[in-house]
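*Asks:* A structural model of the following input is requested.
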Amino acid sequence: MKTVTKLILRIILGVFICILVLFGAFLLLMYFASKPTPEYKRNISTTNVTLRAQISVDERNPIVRTYTEEEYSTFDKEKTEKIKDLVDGGVEGDIPCVHLLFDKNIYFKFYDNETLLTLENPPKIQLEVYSAAPEDTEKTRVITGNLLKGEDGGYYYEMDRFRPQYEKYIMEFSQVKISFTANNKNYVSLFAINTSNAPDGTDYFHNETLEIPIPPEK
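*Replies:* Below you'll find the model as predicted:
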């Protein structure tokens, strides 16, 4: 009888320990899931060539992934969607914002290891700008263009409001694709940004609906 009782107690203790371990693992997972992407995971390239971007006046670095065009072209839709989800950030506030009131530009520099590259041709930019207003039935708007050469050896692109404006303050989400050639090889870099016309501290829950919507600036 005592042997059976000891066996039952051991089983109960084992189950209890397993529950504690699983609960601890769950808490650990939730802790890391609620944290912003760490700096060492923000800019990763599968080559020596990297893109570094300064988003307006925002101090946060974007989450960038860079590939050779040859490698990127082998990715199927599922793979590219996973990359997009990754650069979108893990938590709210994980990606930087273009603050239109202060600086409308995104600034770019291209490096081979730590050597600043001078590109022969201007890099191309593609923006997928998503709808945030229920009145805006066009889910995604695609904007394309070229980066402009800056005076510091880098490039820049001026952002605008690309969706119809239905409220006083806007927050537009865009996925960005930069295509460029360096050292006679083609590359693709992906990241995501927000764009806002709101002053610091704006409460979007107390936004004002416009009587007449304003068309996109571009």
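*Asks:* Which pLDDT value belongs to residue 133?
*Replies:* According to the prediction, residue 133 has pLDDT 82.
*Asks:* Is it in contact with residue 169, as I believe?
*Replies:* No - judged on Cβ atoms under 8 Å, residue 133 makes no contact with residue 169 at a distance of 11.8 Å. No exception for glycine: its C-beta is placed from N, CA and C like everyone else's.
*Asks:* Across the sheet, point out what pairs with residue 155.
*Replies:* When bridges are assigned using DSSP bridges, the partners listed for residue 155 are residue 108, residue 149.
*Asks:* My read is that it contacts residue 123, right?
*Replies:* Yes - counting by Cβ under 8 Å, residue 123 is a contact partner of residue 155 at 6.2 Å.
*Asks:* Mutual contacts of those two, please.
*Replies:* When contacts are counted by Cβ atoms under 8 Å, 6 or more residues apart in numbering, the set common to residue 155 and residue 123 consists of 108, 147.
*Asks:* More neighbours: which of those two?
*Replies:* When residue 155 and residue 123 are compared for neighbours, residue 155 comes out ahead with 24 against 20, by other Cβ atoms under 10 Å.
*Asks:* Now do the contacts for the more buried one.
*Replies:* If you count contacts by Cβ under 8 Å, 6+ apart, then residue 155 has 107-109, 119, 122-123, 147-149 around it.
*Asks:* Same list (those) but as JSON lines, adding pLDDT and distance to residue 185.
*Replies:* Supplementary listing: the contacts of residue 155 in JSON lines, determined by pLDDT from 0 to 100; distance: Cβ to Cβ, whole Å:
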{"residue": "107", "pLDDT": "98", "distance to residue 185": "23"}
{"residue": "108", "pLDDT": "98", "distance to residue 185": "17"}
{"residue": "109", "pLDDT": "97", "distance to residue 185": "18"}
{"residue": "119", "pLDDT": "94", "distance to residue 185": "11"}
{"residue": "122", "pLDDT": "95", "distance to residue 185": "17"}
{"residue": "123", "pLDDT": "98", "distance to residue 185": "13"}
{"residue": "147", "pLDDT": "98", "distance to residue 185": "18"}
{"residue": "148", "pLDDT": "97", "distance to residue 185": "23"}
{"residue": "149", "pLDDT": "95", "distance to residue 185": "20"}
